Each structure stands twice: as C-alpha cells, then as structure tokens.
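[1] I'll drop the sequence and a predicted model, then ask my questions.
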Amino acid sequence: MATSTNKRIWSEANPQVYVETPLHPEELTVWCALWAGGIIGPYFFKNDEGHNVTVNGDRYRAMITNFFIPEMNNHDVQELWFQQDGATCHTARATIDFLKDTFGDRLISRFGPVNWPPRSCDLTPLDYFLWSYVKSFFYADKPQTLDHLEDNIRRVIADIRPQMLEKVIEN
C-alpha cells in the first residue's frame, strides 16, 4: 500500500514491477511521387542502421538526390513539375534553394517560384487519391509490426496500374 495526500492506492500486483513504454510510438515515414505514368516509391525514411526516422531537411534533400532523381531518370517523365506541401523539411531555405537549382521554375512550393496556394491541402493526387486509397488496403489484415505494415504499403502501391493513375490525373 502507498499513501499520498488524502489518497490510498492499493495494488494486488507487485508495485516494484513496471512496464516501460516509449513516449512516442515508433512509426513509418513514407514518401512517393506520382504522375500519370506511374509512381516512384515508396521511399521509407531510415537511418544507416535501418531504423525508422523522422524527416528533416537533410534527410529530405538526400532522398531527392539519392532516390528520386535517379528513379525519375529511369522513367520517361517529360517536363516534370515538382509540387510539395509546406512541411518544414520541404521549405527549409537549403531545401528550396536545392529544389530551385534542380527543377528551376517548375517548382510548386511554399517559398518556391510558384507558391503553394494557402489552405489548399488537397490539390495533389497524392493527397486526394493515393494516401486514402493505400490506407484503405494496407490496414486490412491488421499488421502487427512495422515491417508488416511496410510490406503492405509496398504491395498496395505496386498493384496500382497506370490506367488508374491516368484517370486520377484527368480528374
């Protein structure tokens, strides 16, 4: 029994035993690019040891340099416009300068040559189609681990056909 001011707390279990839980649950951060011809990705942000990490400006620029640009060059993407939302890692000065150097005037972003319209969270097919479509399937079998969830995301995205993307872009 433990006593505190005006309270008594009883426990039938051992009060010396405790279970540590992380302050923040581990999560996946995934990125994709989408155009009428296909999807580039998914890209999962991980550190050198393979552990999931959050995105910062350095990791985002490294992903663009080491993953997106090489993948984009493997596809027949003509006159690409690069559009992103106003997330802090996307709009850091170093990131915007890098993206302007890479995409020139074909950058739609907060602080970019074509400014991201304010309060316009659903202007991209990624927002109004891809993530809601993927979410409707990747939780279907109730994944119990992040590896299982990552596998589900990869599978669902791989199953999306270019014909579906063409219709999404037309709409």
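    Arrived safely, thanks for sending. Numbering: from 1, shown residues only.
[2] For burial, what's the neighbour tally of residue 54?
    Each residue near residue 54 was counted by other CB atoms under 10 Å, and the total is 10. To be clear about C-beta, it is placed using only N, CA and C from the backbone, and glycine gets the same treatment.
[3] how about it, what does it touch?
    When contacts are counted by CB atoms under 8 Å, 6 or more residues apart in numbering, residue 54 is found next to 29, 45.
[4] Apply 6 Å and report the result again.
    residue 29 (CB atoms under 6 Å, 6 or more residues apart in numbering).
[5] Now name the helix or strand holding it.
    Under the criterion DSSP states H and E, no helix or strand holds residue 54.
[6] how close does it sit to residue 105?
    Between residue 54 and residue 105 the computed distance is 30 Å (CB to CB, to the nearest Å).
[7] the strands in this protein, which residues?
    With DSSP state E as the criterion, the chain has strands at 2-4, 7-9, 30-35, 38-44, 82-83, 107-108.
[8] Adding distance to residue 63, mean pLDDT and mean neighbour count, write those strands out as JSON lines.
    Below are the strands of the chain laid out as JSON lines (distance: least, CB to CB, whole Å; pLDDT from 0 to 100; neighbours: other CB atoms under 10 Å):
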{"stretch": "strand 2-4", "distance to residue 63": "50", "mean pLDDT": "42", "mean neighbour count": "8"}
{"stretch": "strand 7-9", "distance to residue 63": "49", "mean pLDDT": "52", "mean neighbour count": "8"}
{"stretch": "strand 30-35", "distance to residue 63": "6", "mean pLDDT": "88", "mean neighbour count": "19"}
{"stretch": "strand 38-44", "distance to residue 63": "6", "mean pLDDT": "92", "mean neighbour count": "18"}
{"stretch": "strand 82-83", "distance to residue 63": "13", "mean pLDDT": "85", "mean neighbour count": "18"}
{"stretch": "strand 107-108", "distance to residue 63": "16", "mean pLDDT": "85", "mean neighbour count": "20"}
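[9] Make JSON lines out of the ones you listed and add distance to residue 67.
    Rendered in JSON lines, the data for the strands of the chain read as follows (distance: least, CB to CB, whole Å):
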{"stretch": "strand 2-4", "distance to residue 67": "53"}
{"stretch": "strand 7-9", "distance to residue 67": "52"}
{"stretch": "strand 30-35", "distance to residue 67": "8"}
{"stretch": "strand 38-44", "distance to residue 67": "5"}
{"stretch": "strand 82-83", "distance to residue 67": "14"}
{"stretch": "strand 107-108", "distance to residue 67": "18"}
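[10] Tell me which of those sits nearest to residue 60.
    Across the strands of the chain, residue 60 has its closest neighbour in strand 30-35 (8.2 Å, CB to CB).
[11] Roughly how far does the most centrally placed residue in the chain sit from residue 150?
    When the chain is reduced to its mean C-alpha position, the nearest residue by CA atoms, centre = their mean turns out to be residue 30, at 3.3 Å. Counting by CB to CB, the separation of residue 30 from residue 150 is 8 Å.
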